[in-house]
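Q: Need coordinates for the below:
(one chain, ligands or ions: 1)
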Amino acid sequence: MSRGNVTVIGAGMVGICCASYLQRAQYQVTVIDPLSPGSACSFGNAGVIAPGACLPLAMPGIWRQVPGFLIDPLGPLSIRWRDLGRSFPWLIDWLRTSSPGEARRISAAMRSLHRPAFDCLEPLLRDAGAADLITRNGQLYVSSRRDAVLGSPLAVDLLREAGVRTEHLGPDEVRQLEPALGAVRSGLLFPDNGHATNSYRVVQRLAEHVVQRGGTIVADKVTGFDIADGDVTAVIGATGRYPAGAIVVAAGAWSDRLAAQLGTKVRLIAERGYHVTAADPGAMPNRVISHVDHRVAITPMDIGLRIAGTVEIAGVDAPPNFARAKKLVEIGRAVMPRAGLDTVTEWMGPRPSVPDGLPVIDRSPHLGNVIYAFGHSHYGFMGGAPTGRLVAELLAGEPPFIDSKPFALARLA
Ligand SMILES: Cc1cc2nc3c(=O)[nH]c(=O)nc-3n(C[C@H](O)[C@H](O)[C@H](O)COP(=O)(O)OP(=O)(O)OC[C@H]3O[C@@H](n4cnc5c(N)ncnc54)[C@H](O)[C@@H]3O)c2cc1C
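A: So this is what the prediction gives:
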């Protein structure tokens, strides 16, 4: 018996995982998105699934690097001058999260959401007949500097306290594991991590399964809401109107606009990332590689070799700067000298980020039937399935499988 209708706004990894878990909890779901499932930020990520991901981007001391972020438009993290007015308050809040105490708070929350990443995603993929799209064969961090891969003493502490398994590797051990890599001087293997061999297909297959189970996916852009007596009664789209039992806002980097219409102000920006994918590179790594010097991930996918990463803080709808993608090719040539990268596709996607980099997974403080699920920053592909499970539990009023407080709106007040 159905528990009622839920309208999910956004068909990215987060929205589709919410729809999947809501169906499992006996809700009838309608997903609304003008794009086909997985076509925005979820399309081109590096596909890393890292239960051990618990190191915030803004670690203590990051402020020393800010001048570099402003000067080098092709650096690992750059800020577009013309968007500085809008991003400045976010940047100040972001730097505030770089104290050791904040880093510990954020790290613990990251670990709690990411630890069950495989456990929450695998059942959805199995049901969709797509379990082969993910692999659990580890993730290897490398650096061309000796010991740089270890990170700061705080990073080492956070990983140890979180119980994340790691194995230190010297240059020879790295060469044995990953003969396609050029010379590196240190390596750190995370044996419990893994990756998707095609992150876009993951979302598509899950979306297809949502429809097979009786859900509806509507191509429309949400423009407003009907609100009466403290509830949203209908979602208004550019081409239709959809009665709402409950709604989930999972519109990625565009979620702040919808939240504002629902009475919730959130400081959300686009941390835009880029990728290049070479369909026929000749040489591939055996597992996903993270090069800490360049801040890129190199993923062996079924569509070829993907080099993805870096951060560009710019307007969500501003045109891409594909010089950043060309820089990724340069990095790829240095890191994987035998890979053929003459022909690549280029892509940019907006990571939805609030200043502490954690998602908002919470009920609206103003409207009884609204749940927010956005802001997954660098981790929305792996965070999507645990978020979906949490959203279904919050809506059903069931005890959440992980503590939901670290993801509450109240922390951003
Ligand atoms: C280069 C790069 C590498 C990354 N690597 C990884 C990784 O290895 N592992 C990882 O876990 N994460 C990674 N990420 C982050 C991850 O991709 C994102 O966190 C995730 O895709 C966010 O998913 P989402 O569903 O919230 O947003 P999206 O995928 O952007 O989906 C949001 C959807 O909402 C829709 N929408 C917006 N406005 C409306 C509206 N008004 N009405 C209806 N629909 C609307 C959009 O059309 C879109 O389809 C990476 C990101 C980048 C850029």
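Q: C-alpha from now on. contacts and neighbour counts both.
A: Fine.
Q: got the phi/psi numbers for residue 29?
A: phi -110, psi 140 (degrees, to the nearest 10).
Q: Hmm, residue 11 and it touching each other?
A: No. Using Cα atoms under 8 Å, residue 29 is not in contact with residue 11; the gap is 11.9 Å.
Q: Between those two, which is the more surrounded one?
A: The neighbour count for residue 29 versus residue 11, taken as other Cα atoms under 10 Å, is higher for residue 11 (31 against 27).
Q: Domain boundaries for the chain, per the record?
A: Listed domain ranges for the chain are 5-44+201-265+357-412, 49-196+268-353 (source: automatic domain parsing).
Q: so how far is the longest one from its chain's centroid?
A: Between the centre of domain 49-196+268-353 and the centre of its chain there are 11 Å (Cα atoms, centre = their mean, to the nearest Å).
Q: measure it end to end?
A: Using Cα to Cα, to the nearest Å, one end of domain 49-196+268-353 lies 18 Å from the other.
Q: Output the domains of the chain as CSV; include the columns mean pLDDT and distance to the ligand.
A: Shown next, in CSV, are those (pLDDT from 0 to 100; distance: least, Cα to the nearest ligand atom, whole Å):
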stretch, mean pLDDT, distance to the ligand
domain 5-44+201-265+357-412, 98, 3
domain 49-196+268-353, 94, 4
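Q: Measure how buried the nearest residue to residue 178 once chain neighbours are set aside is and give me the count.
A: Among residues not flanking residue 178 along the chain, residue 285 sits closest, at 5.9 Å (Cα to Cα, 6 or more residues apart in numbering). Counted with other Cα under 10 Å, the neighbours of residue 285 add up to 18.
Q: What of residue 150?
A: 17.
Q: neighbouring contacts of the helix ranked longest in the chain?
A: Ranked by number of residues, the top helix in the chain under DSSP state H is helix 380-396. Residues from elsewhere that reach helix 380-396 (Cα atoms under 8 Å, 6 or more residues apart in numbering): 13-15, 17-22, 25, 42, 45, 47-50, 113-114, 116-118, 120-121, 199, 361-363, 371, 373, 376, 399-402, 404.
Q: Show me those that map onto strands.
A: 48, 49, 361, 362, 363, 371, 373 (DSSP state E).
Q: Quick one: residues contacting the nearest residue to the fifth one once chain neighbours are set aside.
A: Setting aside the residues directly before and after it, residue 363 is nearest to residue 371 in space (Cα to Cα, 6+ apart), at 4.3 Å. Each residue near residue 371 by Cα under 8 Å, 6+ apart is listed here: 246, 247, 248, 249, 361, 362, 363, 364, 391, 395.
Q: Would you check that the residue nearest to residue 178 makes contact with residue 176?
A: No. Counting by Cα under 8 Å, residue 285 sits too far from residue 176 to count as a contact (11.3 Å).
Q: rewinding a little: as CSV, the ones in strands among the contacts of helix 380-396 with distance to residue 255 would be great.
A: As requested, these are exported to CSV (distance: Cα to Cα, whole Å):
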residue, distance to residue 255
48, 23
49, 24
361, 12
362, 13
363, 14
371, 12
373, 9
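Q: Quick check: the farthest pair among the residues you listed?
A: Using Cα to Cα, the two most remote members of the ones in strands among the contacts of helix 380-396 are 48 and 363, lying 28.2 Å apart.
Q: which one of these two has more residues nearby?
A: A side-by-side neighbour count of residue 48 and residue 363, using other Cα under 10 Å, places residue 48 first with 29 against 19.
Q: Show me the beta-bridge partners of the more buried one.
A: For residue 48, the beta-bridge assignment (DSSP bridges) gives partners residue 195.
Q: How about residue 248?
A: With DSSP bridges as the criterion, residue 248 is bridged to residue 8, residue 371.
Q: Just to check, it is in contact with residue 7?
A: Yes. With contacts counted by Cα under 8 Å, residue 248 reaches residue 7, the gap being 6.3 Å.
Q: Buried deepest among the domains of the chain, which one?
A: The highest mean neighbour count among these, using mean count of other Cα atoms under 10 Å, belongs to domain 5-44+201-265+357-412: a mean of 21.
Q: Quick one: the helices in the stretch 151-300 of the chain, in order.
A: Shown for the stretch 151-300 of the chain, the helices assigned by DSSP state H, counting those that start in this stretch span residues 153-161, 171-177, 199-212, 255-261.
Q: Determine which of those approaches residue 134 most closely.
A: For the helices of the stretch 151-300 of the chain, proximity to residue 134 was assessed by Cα to Cα; helix 199-212 is nearest, at 8.5 Å.
Q: For that closest one, name the packing helices and strands.
A: When contacts are defined as 3 or more Cα pairs under 8 Å, 6 or more residues apart in numbering; DSSP states H and E, helix 199-212 sits against helix 13-24, helix 117-127.
Q: Need the contact partners of that helix.
A: Taking Cα under 8 Å, 6+ apart as the rule, helix 199-212 contacts 12-13, 16-17, 19-20, 23, 37-39, 42-47, 124-125, 127-128, 130, 133, 196, 216-217, 381.
Q: Kindly report the same for stretch 31-41.
A: Residues outside stretch 31-41 that contact it (Cα under 8 Å, 6+ apart) are 7-13, 15-16, 19, 200, 203-204, 207, 215-222, 252, 348-351.
Q: hmm, back to that, quick one: distance of the longest helix of the chain to the chain centre.
A: 13 Å.
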